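**Q** predicted coordinates and the sequence they were generated for:
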Amino acid sequence: DWMWRLVGEVVDRERPGDFNQAMMELGAVVCTPRTPRCDDCPVRGICGALAEEKVEDIEDCGLCLKKDEYQEELGVLNYPRKGKKTASRSEVTLVAVLSSVVDGVQQFVMVQRPKTGLLANLLEFPSVTLAGEDVKDSKEL
């Protein structure tokens with residue numbers, strides 16, 4: 001509950017995107033991984049990275065530092081931490097767009113993506129990933 005109250009105080013209900021954009025801008029311009037500009041930071045008074053003397057594990061989200069990974073000599077340069085990029089892969093997917101008109105309204109068949117992975121829980125058209133031997137020339141499809 002306290003988190004929702006805090007968000008209600010900080011984020012304008014009429015324009016919540018402004019807050020999101022400001023946070024992204026702060027990370028892109030001021031709080032950068034290599035050369036953070038802490039003296040120019042508008043939130044330095046409440047910055048956990050600047051004030052923190054030791055790191056506590058909050059959760060294992062893949063981006064949070066673990067106690068043994070925190071380097072005291074780096075200080076705020078420990079933050080923000082970027083996740084490791086996964087190697088890109090190329091695959092061919094066969095997608096079926098099925099629709100019908102019911103009572104004058106066009107409807108589409110959609111399926112929910114898996115709970116984990118890329119675009120988790122979102123809806124998509126039914127599809128199947130084709131194996132390498134099933135695809136002779138993807139331009140023919």
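**A** Ah, there it is.
**Q** can I get the helix or strand bottoming out on mean pLDDT in the chain as PDB, trimmed to CA atoms?
**A** When the helices and strands of the chain are scored by mean pLDDT, DSSP states H and E, helix 48-51 comes last with a mean of 74. The C-alpha coordinates for helix 48-51 follow below in PDB (Å, rounded to 0.1, in the frame of the first residue of the first chain):
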ATOM      1  CA  GLY A  48      20.200   5.300  -2.900                       C
ATOM      2  CA  ALA A  49      23.300   4.700  -5.000                       C
ATOM      3  CA  LEU A  50      25.000   7.900  -3.800                       C
ATOM      4  CA  ALA A  51      24.100   7.500  -0.100                       C
END
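**Q** what's the first helix or strand after it?
**A** strand 92-95 (DSSP states H and E).
**Q** and that next one, which strands flank it?
**A** If you go by DSSP bridges, strand 92-95 pairs up with strand 127-130 (antiparallel).
**Q** avg pLDDT for the strand it pairs with?
**A** For strand 127-130, mean pLDDT is 92.
**Q** other residues contacting it?
**A** For strand 127-130, contacts defined as C-beta atoms under 8 Å, 6 or more residues apart in numbering pick out 91-96. Quick note: C-beta positions are derived from backbone N, CA and C, even for glycine.
**Q** Asn121 looks like it's in a strand, true?
**A** No. Using DSSP: H, G, I helix; E, B strand; the rest coil, the assignment for Asn121 is coil, not a strand.
**Q** that one: what's it in contact with?
**A** Contacts of Asn121 by C-beta under 8 Å, 6+ apart are 112-115.
**Q** okay, and which of the residues you listed map to strands?
**A** Of the contacts of Asn121, the ones assigned to strands by DSSP state E are Gln112.
**Q** got the contacts of Asn121 as TSV, with neighbour count, distance to Gly75 and pLDDT columns?
**A** Shown next, in TSV, are these (neighbours: other C-beta atoms under 10 Å; distance: C-beta to C-beta, whole Å; pLDDT from 0 to 100):
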residue	neighbour count	distance to Gly75	pLDDT
Gln112	10	44	93
Arg113	14	40	92
Pro114	10	40	90
Lys115	7	38	88
